[in-house]
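**Student:** Compute the structure for the input listed below.
(one chain, ligands or ions: 2)
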Amino acid sequence: MASAAIEDAAGTAPAKSVLRADDVAVHFGGVKAVDGVSIALTPGRIFGVLGPNGSGKSTLLAALTRLVPLTRGSLEFDGRRYDTVRPHTIAARGVARTFQTVRILPGRTVFDNVALGAESAGAARKAERSRARQRVRVAIERTGLAGKERHRPDELSYGYQRRVEIARAIASEPTLLLLDEPTAGMNRQERDDITGLLGDLRGEGLTQLLIEHDVQMMVEACDHLFAMNFGELIADGEPEAVVRHPAVQEAYLGKQGRAHA
Ligand SMILES: Nc1ncnc2c1ncn2[C@@H]1O[C@H](COP(=O)(O)OP(=O)(O)O)[C@@H](O)[C@H]1O
Ligand SMILES: [Mg+2]
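**Tutor:** Ligands and ions are numbered 1, 2, ... in the order given. Predicted structure coming up:
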């Protein structure tokens, strides 16, 4: 970026990475789900991960949130190594996520589910509990769940269940938000609502890593794209350039060619 280069010349340090992954590999037996991926996420931007089914996107997110062990490589969040800490530890440091398959408690209300996100930071004192409730109300409002607080998620559409998960993640006021196909199962309007919300959160400085299949939506929503195929990064950079990259075109068209063969 030109502005960053000018700032560097003026003596300002370049933006430090919120998260760095170096040479990360996750193998399941003989399956190299992720194999030698290095990424750096700088603050306040939306990063996207593109790639055909089975290319390792969800496994990369699992690695970044410590839900699967690394076969090799290292992870750093906010300048600290974390490749051996427990998932709840990295969550408590400010990494929130949503899952490709919604993981919420079907028997609890929308409010209670979202409150699980706000509770993590020791709600012992009354003032803290009150602040936590306020974070829940704000998250519910922002995800379009106002009026549905007393519903149970299983009474809601799949799109609304996804909103509950996103609300729970943002109620924790994370530094980094990782989203695995957050708009799957949503209609066009709902998807626009969610990408609008992610854009607003970026405006407030929240760093995000987003997985989605819709290439056009990713180009519009993201500041930077990573493209994966067979567990490896095949392109990394400005969104328009990444989707035009021959290896990315080949990964998508190759798949489609086989699927239609
Ligand atoms: N827990 C697991 N055990 C064995 N293989 C897995 C596991 N999770 C993912 N895989 C395999 O790793 C590869 C990448 O999967 P995944 O990360 O889910 O891809 P994507 O999210 O890009 O569709 C696939 O071949 C998948 O079958
Ligand atoms: Mg996936």
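
**Student:** near ligand 2, which residues of the chain?
**Tutor:** Lys57, Ser58, Gln100 (Cβ under 5 Å from the ion). The C-beta positions use only the backbone N, C-alpha and C, and glycine is treated the same way.

**Student:** Tell me the one of those residues nearest Arg152?
**Tutor:** Nearest to Arg152 among the residues of the chain next to ligand 2 is Gln100, at 21.9 Å by Cβ to Cβ.

**Student:** Spit out the contact partners of the nearest residue to that closest one once chain neighbours are set aside.
**Tutor:** Distances taken as Cβ to Cβ, 6 or more residues apart in numbering put Asp180 closest to Gln100, at 4.2 Å, once the chain neighbours are dropped. Asp180 sits next to Lys57, Ser58, Leu61, Arg97, Thr98, Phe99, Gln100, Ile211 when contact means Cβ atoms under 8 Å, 6 or more residues apart in numbering.

**Student:** Give me the nearest residue to Thr98, chain neighbours excluded.
**Tutor:** Glu165 (4.5 Å).

**Student:** and that neighbour, what element?
**Tutor:** Counting by DSSP states H and E, the element that carries Glu165 is helix 158-171.

**Student:** Is Ser38 in a helix, a strand, or coil?
**Tutor:** strand (DSSP: H, G, I helix; E, B strand; the rest coil).

**Student:** Quick check: it touching Leu233?
**Tutor:** Yes - Ser38 lies in contact with Leu233 (Cβ atoms under 8 Å); the separation is 7.3 Å.

**Student:** Can you pick out the residue with more neighbours from those two?
**Tutor:** Ranked by neighbour count (other Cβ atoms under 10 Å), Ser38 and Leu233 place Leu233 first, with 20 against 14.

**Student:** In this structure, where is pLDDT below threshold?
**Tutor:** Counting by pLDDT under 70, the chain contains low-confidence ranges at 1-14, 120-124, 254-261.

**Student:** near ligand 1, which residues of it show up?
**Tutor:** Within the chain, the positions near ligand 1 by Cβ under 6 Å from any ligand atom are Phe28, Val31, Ala33, Gly51, Asn53, Gly54, Ser55, Gly56, Lys57, Ser58, Thr59.

**Student:** what are the ranges of the strands in the stretch 51-200 of the chain?
**Tutor:** Taking DSSP state E, counting those that start in this stretch, the strands of the stretch 51-200 of the chain run over residues 72-77, 80-81, 95-98, 176-180.

**Student:** Compute the inter-axis angle for the first one and strand 176-180.
**Tutor:** The one in question is strand 72-77. Strand 72-77 runs at 130 degrees relative to strand 176-180, counting by axes from the mean of the first three to the mean of the last three Cα atoms, to 10 degrees.

**Student:** Strand 72-77 pairs with which strands, parallel or anti?
**Tutor:** Strand 72-77 has the following strand partners under DSSP bridges: strand 19-28 (antiparallel), strand 80-81 (antiparallel).

**Student:** do the last one as well
**Tutor:** Under the criterion DSSP bridges, strand 176-180 sits next to strand 95-98 (parallel), strand 207-211 (parallel) in its sheet.

**Student:** how many other residues sit next to Val219?
**Tutor:** 16.

**Student:** quick one, what contacts Glu165?
**Tutor:** Thr98, Phe99, Val102, Arg103, Ile104, Pro182.

**Student:** out of these, which one sits closest to ligand 2?
**Tutor:** Phe99 (9.5 Å; Cβ to the ion).

**Student:** What about the closest one, how many residues nearby?
**Tutor:** Phe99 has 20 nearby residues by other Cβ under 10 Å.

**Student:** what bridges to the residue nearest to it when sequence neighbours are not counted?
**Tutor:** Excluding the flanking residues, the one nearest Phe99 by Cβ to Cβ, 6+ apart is Asp180, at 5.7 Å. On the basis of DSSP bridges, Asp180 is bridged to Ile211.

**Student:** Many thanks, have a good one.
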